[in-house]
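Undergrad: got a predicted structure here, sequence first:
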Amino acid sequence: KMNILPQRYDDFVKKDYWDKFFRKLKKTSDEYFEWYGEYPEFAGLFQTLIPTKDATILNLGCGKSLLSEKMYDDGFENILNVDFSESVIKEMALRSKSKRPKMSYEVMDIFKMKIDNGSFDAVVDKGTLDAVFPENTTENKEKVHFLFEEIIRILKDNGVYLCISLLQEHILTNVLNFFNQKKYDVDLYEVLIKNSKMFPFLLQIRKAKNPEAHELTLHLRGKEPQKLKVAECIRAIKEVQTQNIFVNNSKKLRQGQRFSIDIWDQKSKLNVPKFTLHVVDSTIAKTLEKRTCGCFITPQGRESGYLFATERGNFDLLNQTGMSRLIIAVMNPGHAFTSMKAIQNELNDAIISLIPKNCANPSVPFMTDGDEIGDRVILFQDDDLIVEEHIMEDEMTYRSLRFSSNLNQIQSQCKLKYFDIEDKKGLVLENADSLLPEKKGRCIGCDDSFLSFENHKLMIAGFSLIAPSIEKNPAFKTLMLGAGAGVVGKFITNHFPKAHVDMVEISAKTIEIAEKFFEFRQTDRLKMICADALVYVDEKAKSFESPVKEDKPKPEEEEEKIPEKDIVNDGKYEVVIIDINNTSKSDRLNPPREFIDRSFLKKLKAILKEDGVLMYNIISPDKTNTEEVLKQINSEFDIIYFAQPEGELNSIVYAVNCRFQRETKEISKEEIVIVDEQKIIPKKQLEISFKALAKGLPRQWDTTLNLDSYVSEITLKYPNLYNNPFQKSNVYVASKDSESTNKTKEMYLEDLEKVNKSKRKKKKNKNR
C-alpha cells in the first residue's frame, strides 16, 4: 500500500500536500478518489434538495472526485468546479471537455474566491470542510467562519449549501452555532454508504423564510424528522455516531460490552422501530473464550421487565444462558407479529451481522420463555400514544399506556379483572378488542386497588413521612405533575376517602385516553388539569405570595372563626409528586432538567406546607446523574430520603419541606447546618406509622402489593447524620439542650486547636 495520508493535520490545508497527494494517487489503481461514497448514494437527496436541474452549482474543492461528472450525467449541467491544484483542474477539465461541454473548471483558492454576489443556486461541498477544518484551532475556526460568510455571499437568496461531512464534534458544533446565529434553516441527513466504514451526513443549509422561526431538523434513517435545539442535535448525532462505530466493530467480542440497535420496518409508517436488539458480551473471561452466541426473543408484554429492560437484567439473562454473547430481541409495541418463525426470518440478517468472528456456533439458536411470542393487542395507536393489552407471566391481563417517544417505558398500567356491573355503574370502559372474553352479567374494569410499578408503590410508601399529619387532617391535598392515565391519583382517592388530588397533564389527548381506556373520572376530590406543569406551579406559587395590605382595626363584636374539621386547609399541598416523562432523545434523565432547576424548587417550596413532602420519580441509567439531582434538590430541601429497589432504573427522592438553622463557625467562618434531630424520622417509626395509617383506612389495597416492605426501602440521604466521626462535614446535630454535639473530625480538630492554644499559652507564661 502507498502512504498517501498526511503526517500532520495542518498538511490538509496546504496546496503542496494536495499536489503530491494526487500525483501519488495517479499511480494507484483507484485514481479517482471518492472520500465519502459515490454519487448514487446521494442522488435521491440531491434531486430533492437542489431546486431545479438547470440550477447554477458551485462544486467547492472538487479534487479528483467524479461527483460533478455523475451529477452532470444526471441532468445537473451548470456546474463550476474549483480547486487550488492546477494539475487536478487541468486533468479533470480534459476528461469532460468533449463529454460534458457545459461543465467548467477553474483554479481557485476557496478562501480567495473572485465570484460575484448571488451567483449560484447551490454550493456543493463533499469533504472539503472536513479537509480544511481538521483541528479546532482559533486560526482554523476563523478561516472556516470566513468561508461560510463567502458561501452566503455567493448564494442567491433562495440558494442552498449542501455539505457532505463526517461531522466531527468540533465541525458539527461550529456549523450549527454559526448558522443558528445567522437564523438559517439547517437539515441534517444520515447517509448510508454501502461497504464503507465511513458514516457521513449531508447538510442542507439555507436562509429561513421566517428568520425568527428558523429550524434545525435531524433526518435519521428510518425515522421521522426531529426538530431539535443545537445542544440536542449535537447529542443525538454523537449517539448515532457511537452506535455506528459499535455496529462497525460489532463482530468483536469485548468483555462486559453492551450496546443496542434498532431494526426498522421500512414499509411501516410508524415512528417506532419494529425490533430493538440489546447485545451483551459476557463479563467472564472463560465464558468469552467459548465464542458462543445466541438470540433470546422477549415475549410480548414482558419487554419492560427487569431481565429485558435493564442493563443489569440483560447480563443476568446472559449468565443464565451461558453464552459468550447474547442478542436480546424486543418486539416493540405498535407492530403486528404473527409467529415465532416469521420473527426469526425477519431478524436473520441482523443476527448474522452481530455473530462474533470465529463463532463456535455460527447457526445461532433462538430462545424464548415458552413456545409462543406472547399475547398483546393494540387498542389505540397514533403518532404519540399507544394503548395496549398484554398477558404477563402471572397470567393476568394488563392495560398499558406508552408514549411513542419512549417505548421502553410504560407510562401507566392497570390490571384488568371482572366486576359486577353494579360495582362499575356509570363507568364505561373501551373493551371492544380486549384480551379478556366477555362474561354474562359481568363487566371488565380497572382494579383500582392494585399498582403495577415499583415506583408507584414507593410513592404511596412515602406517605409514611406524613402519616401523623394525614391522621390529623384526612382531607390532605396532593399535587401530581405528570398524570398519565391517572392510575396513582385514583389509587390515592380510593383509599384515602377524604384526600384531594390535583393531577396536571400537558396533553389533552392523554386525558382523553385516561377517560376512555382507564376509567378516569373528574370528581370534587380528583381532578386532571390540562396545563403545562411549569406554568401551573409558577401560577400557584404566585397565588401564595402575601399581598401587602393595610392593617385595619377588627370590630370588637367580630369573633374568630374556627375552621371546620376535614376541610382542605390553606390551599397548600401536603404532597407534591413529580413524574414527568422526558421526550428529549438526547438527554435520558427523567424528569427534564428544568424540573430540578433551583428557581423551580423554590416555587415548589412555596406551594408545599411546612414539613410537606416533595417526591421525584428519577429515571437515569447514570448513577452520577442521580447524585447530581439529589445535591440539587438538597440545595433547597434540608431533609431528603431516597429509595431504589434492586434492579430498577427508577428511584424515588423524598424531600421534606424543612430548612434547618444555620450558624457561622468562629474560626473558619464556614456556614454549618444545625439539625433538629426531632425532624428526622427513624426508619422503624416510618414503618410503625405507615402500618397504623393503613390499618385505619376503610378500603384496603391489594395485599399482594406488600406496601409495608416498600417503607423499609426508604433511607435517609441528607443530612448525613451517621457519617464517620472523622469525616469532614458541615452538619451538626442539635441536642436537647440546644447545644451542638461534637461528631465530626472538623469539630474535633477545632477543639484540639483550642486545647493546644491553651497549652502554648501556659507554657509561655511558665517560661517568663
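TA: Alright, I've got the coordinates.

Undergrad: which parts of stretch 523-532 are buried?
TA: Neighbour counts over stretch 523-532 (16 or more other Cβ atoms under 10 Å) mark 525-526, 528 as buried. Using the backbone N, CA and C atoms, a C-beta is placed for each residue, glycine as well.

Undergrad: next: stretch 89-96.
TA: In stretch 89-96, counting by 16+ other Cβ under 10 Å, buried: 89, 91-93, 96.

Undergrad: show me what secondary structure element comes after the helix or strand encompassing Tyr616.
TA: Using DSSP states H and E, Tyr616 sits in strand 608-619. Proceeding C-terminally, strand 608-619 gives way to helix 623-634 as the next helix or strand, assigned by DSSP H and E.

Undergrad: pairing partners for the helix or strand just after that following helix, with directions?
TA: Downstream of helix 623-634, the next assigned helix or strand under DSSP H and E is strand 639-643. Using DSSP bridges, strand 639-643 pairs in its sheet with strand 650-656 (antiparallel), strand 715-718 (antiparallel).

Undergrad: can you list the buried residues in stretch 187-205?
TA: Those would be 187-191, 199-205, for stretch 187-205 by 16+ other Cβ under 10 Å.

Undergrad: if we can go back for a sec, quick check, nearest of the buried residues of stretch 523-532 to Gly334?
TA: Among the buried residues of stretch 523-532, Met528 lies closest to Gly334 (Cβ to Cβ), at 25.0 Å.

Undergrad: for the closest one, which non-adjacent residue is closest in space?
TA: The shortest distance from Met528 to any non-neighbouring residue, by Cβ to Cβ, 6 or more residues apart in numbering, is to Met503 (4.6 Å).

Undergrad: secondary structure class for that neighbour?
TA: strand (DSSP: H, G, I helix; E, B strand; the rest coil).

Undergrad: any idea how many residues pack against it?
TA: Counted with other Cβ atoms under 10 Å, the neighbours of Met503 add up to 26.

Undergrad: who does it bridge with?
TA: Met480, Met528.

Undergrad: so it touches Val487, yeah?
TA: No - if you go by Cβ atoms under 8 Å, Met503 and Val487 don't touch, sitting 10.2 Å apart.

Undergrad: circling back to that earlier point, tell me which residues of the strand holding Tyr616 are tucked away?
TA: Applying 16+ other Cβ under 10 Å to strand 608-619 flags 608-609, 612-619 as buried.

Undergrad: what is the nearest of these to Ser119?
TA: Using Cβ to Cβ, the buried residues of strand 608-619 come closest to Ser119 at Ile619, 52.8 Å.

Undergrad: farthest-apart pair in the buried residues of strand 608-619, please.
TA: Greatest spatial distance among these (Cβ to Cβ): Lys609 and Ile619, at 27.2 Å.

Undergrad: quick one: buried residues of the biggest strand by length in the chain?
TA: Criterion DSSP state E: the longest strand present in the chain is strand 406-420. Neighbour counts over strand 406-420 (16+ other Cβ under 10 Å) mark 406-416, 418-419 as buried.

Undergrad: quick one, which of those residues has the minimum pLDDT?
TA: Among these, Asn408 has the lowest pLDDT, at 68.

Undergrad: how many neighbours does the nearest residue to Phe380 once chain neighbours are set aside have?
TA: Nearest in space to Phe380, with sequence neighbours left out and distances taken as Cβ to Cβ, 6+ apart, is Val387 at 4.1 Å. Residues lying near Val387 (other Cβ under 10 Å) number 22.

Undergrad: also Met108?
TA: Neighbourhood size, Met108 [other Cβ under 10 Å]: 19.

Undergrad: kindly report the same for the one 4 residues further on.
TA: Residues contacting Lys112 under the criterion other Cβ under 10 Å number 8.

Undergrad: make 40 the first number, not 1, from now on.
TA: With the count now opening at 40, the last piece we talked about shows up as Lys151.

Undergrad: that one: what's it in contact with?
TA: Residues counted as contacts of Lys151 (Cβ atoms under 8 Å, 6 or more residues apart in numbering): none.

Undergrad: follow-up on the earlier one: average pLDDT for the strand holding Tyr655?
TA: 94.

Undergrad: what helices or strands is it leaning on?
TA: helix 493-500, strand 612-617, helix 662-673, strand 689-695 (3 or more Cβ pairs under 8 Å, 6 or more residues apart in numbering; DSSP states H and E).

Undergrad: Val230 is in contact with Pro239, correct?
TA: Yes - here Pro239 reaches Val230: they are 5.4 Å apart, a contact under Cβ under 8 Å.

Undergrad: circling back: can you redo the buried residues of stretch 562-571 as JSON lines with pLDDT?
TA: Formatted as JSON lines, those follow (pLDDT from 0 to 100):
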{"residue": "Arg564", "pLDDT": "95"}
{"residue": "Leu565", "pLDDT": "96"}
{"residue": "Met567", "pLDDT": "96"}
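
Undergrad: so can I have a markdown table of the helices and strands packed on strand 647-658 showing mean neighbour count and mean pLDDT?
TA: Shown next, in a markdown table, are these (neighbours: other Cβ atoms under 10 Å; pLDDT from 0 to 100):
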| stretch | mean neighbour count | mean pLDDT |
| --- | --- | --- |
| helix 493-500 | 23 | 94 |
| strand 612-617 | 25 | 96 |
| helix 662-673 | 15 | 86 |
| strand 689-695 | 24 | 93 |
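
Undergrad: so how far is Lys730 from Phe85?
TA: Using Cβ to Cβ, to the nearest Å, Phe85 is found at 70 Å from Lys730.
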